[in-house]
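Colleague: What would the 3D arrangement of this be:
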Amino acid sequence: MSETPAIATRALSKTYKDVKALDNVGLSLAPNRIYGLLGRNGAGKTTLMSILTGQNFADHGTAEIFGHAPFEHDPTLARLCFIRESQKYPDDFKVFQAFHAAALFFGNWEEELAQDLIRAFNLPVKRRIKKLSRGQLSAVGVIIGMASRADITFFDEPYLGLDAVARQIFYDRLVEDFAQHPRTIVLSSHLIDEVANLLEHVIVIDQGRIIIDAEAEELQGAAVTVTGGAQKVEEFIAGYPVIHRDALGSLSSISIRARLSEEQRDRARAQGLELTPVSLQQLVVRSTLNSQKNQEQTTERQAIK
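Modeller: Numbering: from 1, shown residues only. Below is the predicted model:
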């Protein structure tokens, strides 16, 4: 008997006026893994997470959390934690009151972890939340998201206000706590290279469509940049999907989707070609730009017809 997905969507679509925020999105995410939900601003990430957490509804399609639709279903909603960059709190709340309220709401709340993170982020718990700096406000969200130990936690870039040291504290503590208390975590982030080592599975969304849905291991080494004399580069990459081209005079630098064997690498070196791996961030950026280009071409062809 197959395991019930933590998150499953089928043909999920959502339109705001003339903007299609989600376009036929289908996903199936297994429990107890760390997922990266990546894409540009306005790609549809927040809309997707809002629907999955019952804070919005789709125009078409279905969304399920452990086999149940989340909208107005309290037992399912109780298993979720959604922390977003623009998290709102009551105006007069002090920091410790926000944590107290979270402890009452989340059944798996871990007070010891919360206190440990408060010390790590040096957070002033008696200060009013509206008086916090952006980084301190981000720390509040991060602490609630981690200490909730909800069955599924969505982080919608709440850590952007943290400085580099504080973000590293978050990454390290997240991995450490996840190892001891596995649950499903979805990280939405622009800082792709920073979070790359945390992710077990990568989902990239662009213009409301899923353009990458793959294991992180599959994406590592899945693309390479070949640099050298233009003619030799073109001959070497023949038959491989091209994701980016750069040219300067007689030199070319072309990124391709390919897992090259050691024999192929030796052949490239023998021809004076340089091979460099394409990082996850570069792969996401190039895939997004290619997706947009293809969509524009499709729109143009439809307009001509």
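Colleague: Rounded mean pLDDT for stretch 269-284, please.
Modeller: Across stretch 269-284, pLDDT averages out at 93.
Colleague: Of all the residues in that stretch, which ones are buried?
Modeller: Buried residues in stretch 269-284, defined by neighbour count with 16 or more other CB atoms under 10 Å: 273, 275, 278, 280-284. Just so you know, the C-beta spots here come from the backbone N, C-alpha and C atoms, and that holds for glycine as well.
Colleague: Return stretch 101-121 as PDB; C-alpha atoms alone will do.
Modeller: Provided in PDB are the C-alpha atoms of stretch 101-121 (Å, rounded to 0.1, in the frame of the first residue of the first chain):
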ATOM      1  CA  ALA A 101       0.100  32.200  21.500                       C
ATOM      2  CA  ALA A 102       2.100  29.900  19.200                       C
ATOM      3  CA  ALA A 103       2.600  27.400  22.100                       C
ATOM      4  CA  LEU A 104      -1.100  27.300  22.600                       C
ATOM      5  CA  PHE A 105      -1.900  26.800  18.900                       C
ATOM      6  CA  PHE A 106       0.700  24.200  17.900                       C
ATOM      7  CA  GLY A 107       0.200  20.800  19.500                       C
ATOM      8  CA  ASN A 108       3.800  19.800  19.000                       C
ATOM      9  CA  TRP A 109       5.300  23.100  20.300                       C
ATOM     10  CA  GLU A 110       8.800  22.600  21.700                       C
ATOM     11  CA  GLU A 111       9.500  25.300  24.300                       C
ATOM     12  CA  GLU A 112      13.100  24.200  24.900                       C
ATOM     13  CA  LEU A 113      13.900  24.600  21.200                       C
ATOM     14  CA  ALA A 114      12.200  28.000  21.200                       C
ATOM     15  CA  GLN A 115      14.200  29.200  24.100                       C
ATOM     16  CA  ASP A 116      17.400  27.900  22.600                       C
ATOM     17  CA  LEU A 117      16.700  29.800  19.300                       C
ATOM     18  CA  ILE A 118      15.800  33.000  21.200                       C
ATOM     19  CA  ARG A 119      19.200  32.900  22.800                       C
ATOM     20  CA  ALA A 120      20.900  32.100  19.500                       C
ATOM     21  CA  PHE A 121      19.200  35.100  17.700                       C
END
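Colleague: Give me the contacts around stretch 177-195.
Modeller: Residues outside stretch 177-195 that contact it (CB atoms under 8 Å, 6 or more residues apart in numbering): 6-7, 29-38, 45-46, 49, 110, 113, 146, 149-157, 159-160, 167, 171, 174, 198-199, 279-281, 284.
Colleague: Quick one: buried ones out of these?
Modeller: The neighbour-count test (16+ other CB under 10 Å) marks 6-7, 29, 33-38, 45-46, 49, 110, 113, 146, 149-157, 159, 167, 171, 174, 198-199, 280-281, 284 as buried among the contacts of stretch 177-195.
Colleague: So which of those sit within helices?
Modeller: Residues of these located in helices (DSSP state H): 45-46, 49, 113, 146, 167, 171, 174, 280-281, 284.
Colleague: In CSV: the residues you listed, plus distance to residue 119.
Modeller: Formatted as CSV, these follow (distance: CB to CB, whole Å):
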residue, distance to residue 119
45, 31
46, 31
49, 29
113, 11
146, 14
167, 17
171, 17
174, 16
280, 32
281, 32
284, 35
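Colleague: for these, which one is nearest residue 74?
Modeller: Closest approach between these and residue 74, by CB to CB: residue 49, at 18.9 Å.
Colleague: quick one: contacts for that closest one?
Modeller: For residue 49, the contacting residues are 37, 82, 84, 154, 156, 186, 188, by CB under 8 Å, 6+ apart.
Colleague: One more pass at 7 Å, please.
Modeller: Neighbouring residues of residue 49 by CB atoms under 7 Å, 6 or more residues apart in numbering: 82, 154, 156, 188.
Colleague: Can you give me the pLDDT of the residue positioned nearest the centre of the chain?
Modeller: Ranked by distance to the mean C-alpha position of the chain (CA atoms, centre = their mean), the top residue is residue 37 at 2.2 Å. What the model reports as pLDDT for residue 37 is 96.
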